[in-house]
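Let's see this in three dimensions:
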Amino acid sequence: MSYNNDLNRRHFLKMFAFATASSQLGSWAWTNSVLGDIQANGSPATGLFRMNLSDFPALQTDNGSVRLKVTGMSATFPEIIVTRSAGSVFHAVSSYCTHMGCTVNTFNASLGVLPCPCHGSQFKVDGSVVRGPATEPLARYATQFDGASLLAIEIPGLGYSIKSSVAQPAGGASRLSLSFPTVTGLNYEVRFKTTFGATDWSPVMFSPTLDGQVNVPSLVGDGAEATVYLERTGTSGFYAVIRY
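Take a look at the predicted model:
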């Protein structure tokens with residue numbers, strides 16, 4: 001069964017949260033921390049792309065298969081194919097055929113393969129070649145299943161880190177500076193919540209310059225590192241830079 005889906009924006013905002021936390025009341029004291037769903041280590045950073053299986057009916061039964069975009073990656077990143085095998089074993093591979101770059105279809109249960117519609121190449125659910133003309137396997141992505149409904153897929157380049165510092169504009173109160181890499185065409189927002197366990201993030205305005213007005217709600221990535229400046233939202237809490 002084939003199912004194409006872009007994760008909805010609310011789900012995505014929940015997944016891509018990096019934060020800095022104030023550890024002292026009444027003063028800027030910040031330490032970088034990562035909130036739950038994305039762990040960025042190395043270069044390129046690997047991110048955990050999380051899927052709630054309740055959102056994907058095909059993956060609730062053996063041999064179910066979906067092809068979907070990884071929101072947060074550049075437009076040139078191919079869709080991935082996720083297939084469920086017996087024993088709740090999940091496989092995630094690139095849909096980019098290693099022969100001529102066509103888009104591979106989801107799992108065909110009658111054939112027992114992932115077929116390429118262009119030139120007839122066939123692949124196992126783990127991406128290995130069954131039949132050519134392709135000679136190289138599909139790119140594979142490690143999966144982690146919690147045994148219930150949450151599937152995490154490790155995607156290189158998905159994670160990103162944030163650098164934070166305190167900046168002092170001329171004649172004004174200190175501001176928090178956040179610097180982070182951007183992907184061209186993706187949107188970036190800053191959010192805040194007072195406690196780690198709180199469910200809702202509140203939008204935070206920022207300035208793209210140290211001395212500018214703090215009235216910008218979002219920016220569009222251009223592939224370069226961005227730096228934004230914001231004023232204190234509360235005496236303590238968590239900030240997040242979110243991309244979508």
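
so where's the chain uncertain?
1-44, 196-199, 235 (pLDDT under 70).

And the helices in it?
9-15 (DSSP state H).

can I see the domain layout of this protein?
Taking automatic domain parsing as the reference, the chain has its domains at 4-35+160-243, 46-156.

Single out the most deeply packed of the ones you listed.
Highest mean neighbour count among the domains of the chain (mean count of other CB atoms under 10 Å): domain 46-156, with a mean of 17. In this view, the C-beta of every residue, glycine as well, is placed from N, C-alpha and C.

And for the chain, the residue most distant from the center?
residue 171 (38.8 Å; CA atoms, centre = their mean).

For residue 205, see how far away that one is.
For residue 171, the distance to residue 205 equals 20 Å [CB to CB, to the nearest Å].

try residue 76
Taking CB to CB, one finds residue 76 at 32 Å from residue 205.

What of residue 148?
39 Å.

Residue 236 too?
From residue 236 to residue 205 the distance is 19 Å (CB to CB).

Equivalent analysis for residue 59, please.
To residue 205, residue 59 is 39 Å away according to CB to CB.

now swap in residue 66 and tell me
37 Å.

Quick one: residues contacting residue 111.
Each residue near residue 111 by CB atoms under 8 Å, 6 or more residues apart in numbering is listed here: residue 122.

Kindly report the same for residue 104.
81, 95-97, 114-116, 121, 123, 138.

Return the closest of those residues with respect to residue 106.
Residue 106 lies nearest to residue 81 out of the contacts of residue 104, by CB to CB, at 5.8 Å.

isn't residue 137 right up against residue 98?
Yes: at 7.0 Å, residue 137 counts as touching residue 98 under the criterion of CB atoms under 8 Å.

for residue 194, phi and psi?
phi -80, psi -30 (degrees, to the nearest 10).

my read: it touches residue 237, true?
Yes: Residue 194 is within contact range of residue 237, at 4.4 Å (criterion: CB under 8 Å).

so residue 190 makes contact with residue 228?
Yes: counting by CB under 8 Å, residue 190 touches residue 228, with 6.5 Å between them.

and for the two, which residues touch both?
With CB under 8 Å, 6+ apart as the test, residue 190 and residue 228 both reach 178, 206.
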